[in-house]
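Asker: Fold the following.
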Amino acid sequence: MEAAIKKAKALIEAMEYIRRFKDKIVVVKLGGSILDDMDLQRKLLKDIVFMSTVGMRPIIVHGGGKHISRAMNDAGIEPVWVHGRRYTDERTLKIVEHTLIHEVNEKLCESINEMGCEAMGLHSLSSCVLFAKPLELRSDDGRKLDIGLVGEVETVNAELLTNLCAAGTIPVIAPIGIDKNGRKHNINADSAAGMVAAAVKAQKFVLLSDIHGILADIDDPESRFSTLNEEEVKDLIKAGTITTGMLPKVDACFKALEGGVAKAHTIDGRIEHSLLLEIYTDKGIGTQITR
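Answerer: The predicted structure is shown next:
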């Protein structure tokens with residue numbers, strides 16, 4: 001009886017949030033070990049299907065870096081990194097495209113469809129919603145760095161995404177963009193997700209990864225910041241508290257907030273129901289960033 005009462009209380013608490021977010025778009029970025037652990041992946045997708053079932057409008061943007069590295073290794077290609085970006089020539093791009101679409105995107109869509117919701121894969125071999133331009137990186141002394149076919153999002157087909165959401169379809173986006181000349185570009189998934197969230201004016205932007213939010217002490221999971229504003233995050237970057245792997249995620253959150261997104265969240269997707277706990281409870285489980 002006690003367990004049943006707890007479930008009922010949880011439902012009552014969630015009801016307020018379900019009402020608040022009905023018909024609102026939430027952009028969810030999947031990455032890290034989530035894409036390697038099929039059991040964990042299915043649990044997270046089930047949470048996303050739940051969100052859709054109760055009236056929210058989720059959009060998924062996924063990464064796939066580990067899958068790409070394995071595929072390159074199998075092909076005998078040694079990855080080259082330039083300022084944290086994977087150097088992408090034509091051969092590498094073909095591997096990136098095949099891996100992201102056939103090994104990651106299609107399987108995510110299949111799982112969602114099996115759970116009773118309709119998903120549509122959006123990528124460079126179907127309806128592409130990311131329109132790119134070459135990413136320019138420079139060295140510390142100002143020299144332009146050659147990173148090959150690496151791009152950044154210039155525009156997003158927000159109309160197609162909002163129409164799909166309105167029809168109850170879950171868009172699943174692979175981070176490959178096409179430029180004005182029809183050339184394809186490899187895009188950082190965090191950055192792409194932030195731009196998508198901004199373009200569709202999402203209510204929330206959620207980054208799911210292996211990182212337990214923003215921590216005051218990287219070795220202490222209990223030192224998580226529950227809420228930060230942009231200025232506080234910038235101060236933590238200056239202080240060296242936020243470094244390396246968290247920087248692209250924070251930058252993606254800034255892009256989303258600048259585009260009009262109400263709140264951005266970074267949470268550990270390895271925690272069961274972390275996505276629902278962040279959205280449908282008072283305390284949350286990650287770090288939310290506000291303007």
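Asker: and the longest helix seen in the chain, C-alpha only, in PDB?
Answerer: Across the chain, the longest stretch assigned as helix under DSSP state H is helix 2-21. Provided in PDB are the C-alpha atoms of helix 2-21 (Å, rounded to 0.1, in the frame of the first residue of the first chain):
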ATOM      1  CA  GLU A   2       2.800   2.400   0.900                       C
ATOM      2  CA  ALA A   3       4.500   1.900  -2.400                       C
ATOM      3  CA  ALA A   4       1.200   2.500  -4.300                       C
ATOM      4  CA  ILE A   5       0.700   5.800  -2.300                       C
ATOM      5  CA  LYS A   6       4.200   6.900  -3.300                       C
ATOM      6  CA  LYS A   7       3.400   6.200  -6.900                       C
ATOM      7  CA  ALA A   8       0.200   8.200  -6.700                       C
ATOM      8  CA  LYS A   9       2.000  11.200  -5.000                       C
ATOM      9  CA  ALA A  10       4.600  11.100  -7.800                       C
ATOM     10  CA  LEU A  11       1.900  11.200 -10.400                       C
ATOM     11  CA  ILE A  12       0.200  14.200  -8.700                       C
ATOM     12  CA  GLU A  13       3.600  16.000  -8.600                       C
ATOM     13  CA  ALA A  14       4.100  15.300 -12.300                       C
ATOM     14  CA  MET A  15       0.600  16.400 -13.200                       C
ATOM     15  CA  GLU A  16       1.500  20.100 -12.900                       C
ATOM     16  CA  TYR A  17       4.500  19.700 -15.100                       C
ATOM     17  CA  ILE A  18       2.600  17.600 -17.700                       C
ATOM     18  CA  ARG A  19       0.000  20.500 -17.900                       C
ATOM     19  CA  ARG A  20       2.800  23.100 -18.200                       C
ATOM     20  CA  PHE A  21       4.700  21.400 -20.900                       C
END
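Asker: buried set for it?
Answerer: By 16 or more other CB atoms under 10 Å, the buried positions in helix 2-21 come out as 17, 21. For every residue, glycine as well, the C-beta is placed using N, CA and C.
Asker: Not counting its own residues, what contacts it?
Answerer: 54-56, 203-204, 276, 279-282 (CB atoms under 8 Å, 6 or more residues apart in numbering).
Asker: Mind doing that once more with 7 Å?
Answerer: 54-56, 203, 279-281 (CB atoms under 7 Å, 6 or more residues apart in numbering).
Asker: helix or strand right after that helix?
Answerer: strand 25-30 (DSSP states H and E).
Asker: Run me through the strand neighbours of that following strand, direction for each.
Answerer: Sheet pairing here is set by DSSP bridges, and for strand 25-30 it gives strand 57-62 (parallel), strand 204-209 (parallel).
Asker: Compare those and give me the one nearest residue 249.
Answerer: Nearest of those to residue 249, taken as CB to CB: strand 204-209 at 5.2 Å.
Asker: which stretches of the stretch 1-150 of the chain have low pLDDT?
Answerer: Within the stretch 1-150 of the chain, not a single segment meets pLDDT under 70.
Asker: So which other helices or strands are in contact with whatever helix or strand residue 279 lives in?
Answerer: Using DSSP H and E, residue 279 falls within helix 274-280. Here helix 274-280 touches helix 2-21, helix 38-53, strand 204-209, strand 263-268, going by 3 or more CB pairs under 7 Å, 6 or more residues apart in numbering; DSSP states H and E.
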